[in-house]
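> coords below, sequence missing:
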């Protein structure tokens, strides 16, 4: 189905964390008006049910252990479909702007002279905080909230976590379950106390959602014992009051 | 209007950054079913139009320069209304979990034995990134994204920004327009290059939205010249490639 009279358009649409009612009204509008939908395994099937039933649906997900759809192939497909005059929706789990590899797809569309927009979505950390009733920042306790990832581009140095091990910081690690022992060691090594509270929220906002509370010192053991898998958010807090308490305890021991 | 047969309920609802179509479907549902709505000046009037027209509407905002509604008074009002069996919606600009002071209201509801939920919303940084087409993270360039604030609790030390001045980090500063010179000095003093790209997005997703691009070195001058006011997001990036380029330039000068 081509519409040569129409100008093609690409929308990178945040599908949110899973539950269909965490979609924005704008995202719903783009889904209902799509001609072509590109999606991957992280997008919940109940989101797909809301889309234009006549839209062409193309699965561009990775199979575990291999990469059927390298990024360049997705970029080329988006451009080719938009050049046919179609409204292309590239659905992204969460928010396209956060660990969504949106830059590559925006650059490809712009290079081809195609209009491209981002429709923001609820990112997993925000949904996890809402689900467990623990805000990502707390006045007087945490003034900075950092989102970081357990995985990065092959060959890149891993994110420097030492700078996050600071009183007043809360952190959400994405896709970091397999690297939890390294995260734990890096933060402890940089001076974060083992008593820092950690909330693990797996498969947030889906029927499989699980929540486990632990501490930084017990993080890797908890993940192994509870058999937690990705997708999960590791939400680690280093409140200012904990730093003050550690300092007071240290002074007491020294005295 | 009291419903003594009903059990009261409190929802802290993310109103998103402004535009009504950036509300989630869940937030819309809570607005349509509210008995009481508490809102402040940061919540866009077009969001209020979507709410149950029969809901009681209570403005709990601060007037500029004075604090008519201290947090404790808001907490007590939420609890009192919910105890009447009403569905209370506390609307928060953006996401209640991010600089939303949700902890106080959750604690007050829980202490009174009242069910409380958070409905997540699109935070301003996410909307700003979408509006200007510049993702908050970029694979290979920025692996950590930090949200921080220009204002904090009176008497608290200001957030330690030195640790954010690190290659691979992008930062969104909330409510920091008046403190832009201090943010700039802190980051430059900690080694971030003056060439770090900065996007200033004011009044995101409203009819008054403005976007100005600058650099870290020119941040405060740009804000003064362009007469930018809060609410605005300062989105500052320190890409890895910029750090490599600075190192190469430094080596060349030394040689």
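Arrived safely, thanks for sending. The shown structure was predicted, so the numbers you read here are calculated from the model rather than taken from an experiment.
> is any part of whichever strand or helix holds residue A:91 close to chain B?
Using DSSP states H and E, the element containing residue A:91 is strand A:87-92. No. With Cβ under 8 Å from any Cβ of the partner chain as the criterion, chain B is not reached by strand A:87-92; the gap is at least 10.3 Å. Where you see a C-beta, it was placed from the backbone N, CA and C, and this is true even at glycine.
> helices or strands up against that strand?
The criterion is 3 or more Cβ pairs under 8 Å, 6 or more residues apart in numbering or on different chains; DSSP states H and E, and the helices and strands that strand A:87-92 contacts are strand A:9-14, helix A:25-32, strand A:36-39, helix A:71-83.
> where does the stretch 101-250 of chain A have low pLDDT?
Per-residue confidence for the stretch 101-250 of chain A (pLDDT under 70) gives these ranges: A:151-154.
> break down it into its strands, ranges please.
For the stretch 101-250 of chain A, the strands defined by DSSP state E, counting those that start in this stretch cover A:115-119, A:144-149, A:169-174, A:197-202, A:210-215, A:232-238.
> output those strands in CSV, with mean neighbour count and distance to residue B:207 appended to each entry.
Converted to CSV, the strands of the stretch 101-250 of chain A look like this (neighbours: other Cβ atoms under 10 Å in any protein chain shown; distance: least, Cβ to Cβ, whole Å):
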stretch, mean neighbour count, distance to residue B:207
strand A:115-119, 21, 18
strand A:144-149, 25, 29
strand A:169-174, 26, 32
strand A:197-202, 22, 36
strand A:210-215, 16, 40
strand A:232-238, 26, 35
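> the strand holding residue A:91 to helix A:71-83, inter-axis angle?
For strand A:87-92 against helix A:71-83, the angle between stretch directions is 150 degrees (axes from the mean of the first three to the mean of the last three Cα atoms, to 10 degrees).
> and strand A:87-92, which strands flank it?
Taking DSSP bridges as the criterion, strand A:87-92 sits next to strand A:9-14 (parallel), strand A:36-39 (parallel) in its sheet.
> burial count for residue A:48?
Applying other Cβ atoms under 10 Å in any protein chain shown, we find 16 residues neighbouring residue A:48.
> would you reformat the strands of the stretch 101-250 of chain A as TSV and include distance to chain B?
Supplementary listing: the strands of the stretch 101-250 of chain A in TSV, determined by distance: least, Cβ to the nearest Cβ, whole Å:
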stretch	distance to chain B
strand A:115-119	4
strand A:144-149	4
strand A:169-174	8
strand A:197-202	12
strand A:210-215	14
strand A:232-238	10
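> right, and the ones you listed - which one's nearest residue B:101?
When those are compared for distance to residue B:101 using Cβ to Cβ, the nearest one is strand A:144-149, at 13.9 Å.
> what does the closest one contact?
With Cβ atoms under 8 Å, 6 or more residues apart in numbering or on different chains as the test, strand A:144-149 has contacts from A:98-99, A:123, A:125, A:136-137, A:159, A:161, A:164, A:166, A:168-176, B:98, B:137, B:143-149, B:159, B:164.
> now do 6 Å
Residues from elsewhere that reach strand A:144-149, judged by Cβ atoms under 6 Å, 6 or more residues apart in numbering or on different chains: A:99, A:125, A:136-137, A:159, A:164, A:169-175, B:143-148, B:159.
> then stretch A:84-92?
A:2-4, A:6, A:8-15, A:30, A:33-39, A:43, A:78, A:81-82, A:100.
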